[in-house]
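**Q** build me a model from this:
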Amino acid sequence: MNLAKPLLALQERIGYTFQKPALLQQAMTHRSFSSEHYERLEYLGDAVINVIVSDLLYQALPDLPEGQLSRIRSNLVKQDSLHSLALKLGLSHCLRLGEGEAKSGGAKRPSILADSLEALLGAVYLDAGYDTAQRIAKTWLEDIRVDMNMSQTAKDAKTELQEWLQARKMPLAVYSVIGTVGAAHEQTFDVECYVPSLKKTERGIGSTRRAGEQAAAQAILDTMKDSK
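**A** Purely as a prediction, here's the structure:
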């Protein structure tokens with residue numbers, strides 16, 4: 001199979017040449033383009049990257065309990081983190097999208113890029129096995145310094161905001177969906193976060209309601225930090 005130039009270049013960037021190039025092509029194919037899309041590979045890649053990150057944290061942080069390790073892992077493999085890695089690898093230039101999805105900006109959509117990164121790792125796992133998938137994933141994560149302090153920053157924004165308010169005996173934040181955009185399988189949620197006691201309101205955008213709530217909570221936290 002002859003691969004397009006962007007996929008040939010992607011192999012160079014990840015340091016691996018596929019024995020079965022069709023797997024790489026499938027990993028970069030959105031369901032809007034073909035029935036041979038990346039979703040099954042994404043499912044596999046999600047499991048693989050969780051094992052790799054779990055092993056990395058288990059070895060690097062031997063004194064942390066399970067709960068803290070789980071929070072750090074969730075932080076490292078959340079959509080925002082995977083989206084950032086996908087951008088660094090240039091996956092937006094490698095995706096095969098249907099015409100409508102391409103015109104609506106699918107190549108820049110965080111959910112699609114995060115999913116395609118997981119699919120890419122799933123494809124590597126099928127093509128070459130766990131050891132190669134682990135080696136490649138570790139190169140993606142090599143700029144992240146793993147240490148004890150990560151447990152202090154691994155809480156998600158909603159949890160951090162909730163704990164901050166509870167510690168001051170203030171009412172909890174109220175979240176409301178202001179609107180949604182896109183087809184059912186690729187919706188974007190516009191969410192508002194209101195903190196009554198502070199009279200603060202901020203909005204966030206996400207590919208799920210939860211992601212929108214997290215973005216809105218983070219916006220509130222950011223305004224609090226800026227006002228210090």
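**Q** and Leu24, how far is that from Ile178?
**A** Distance, Leu24 to Ile178, by Cβ to Cβ, to the nearest Å: 39 Å. C-betas here are computed from N, CA, C, even on glycine.
**Q** those two: which has the busier surroundings?
**A** Leu24 (26 against 13; other Cβ atoms under 10 Å).
**Q** dump the residue contacts of that one.
**A** Leu3, Leu7, Leu10, Gln11, Phe18, Leu120, Ala123, Asp127 (Cβ atoms under 8 Å, 6 or more residues apart in numbering).
**Q** wait, what's in contact with the first one?
**A** Taking Cβ under 8 Å, 6+ apart, we find Leu3 in contact with Gln11, Pro21, Leu24, Gln25.
**Q** out of these, which is most surrounded?
**A** Within the contacts of Leu3, Leu24 tops the neighbour count with 26 neighbours, counted by other Cβ under 10 Å.
**Q** picking that back up, farthest-separated two in the contacts of Leu3?
**A** The largest separation in the contacts of Leu3, counting by Cβ to Cβ, is between Gln11 and Gln25 at 11.4 Å.
**Q** which helices and strands does the lengthiest helix in the chain pack with?
**A** Longest helix of the chain, by residue count under DSSP state H: helix 39-60. The contact analysis (3 or more Cβ pairs under 8 Å, 6 or more residues apart in numbering; DSSP states H and E) places helix 39-60 against helix 21-27, helix 66-76, helix 110-128, helix 130-140.
**Q** quick one: low-confidence parts of this protein?
**A** Along the chain, the parts satisfying pLDDT under 70 run over 1, 145-155, 183-186, 225-228.
**Q** isn't Glu192 up against Gly179?
**A** No - contact between Glu192 and Gly179 fails when scored by Cβ atoms under 8 Å: they sit 9.8 Å apart.
**Q** what is the neighbour count of Asn75?
**A** Asn75, neighbours per other Cβ under 10 Å, totals 17.
**Q** tell me who's in contact with the residue sitting nearest the centre point of the chain.
**A** Central residue of the chain (Cα atoms, centre = their mean): Gln79, 1.7 Å from the mean position. Listed by Cβ under 8 Å, 6+ apart, the contact partners of Gln79 are Pro110, Ser111, Ala114, Ser207, Ala211.
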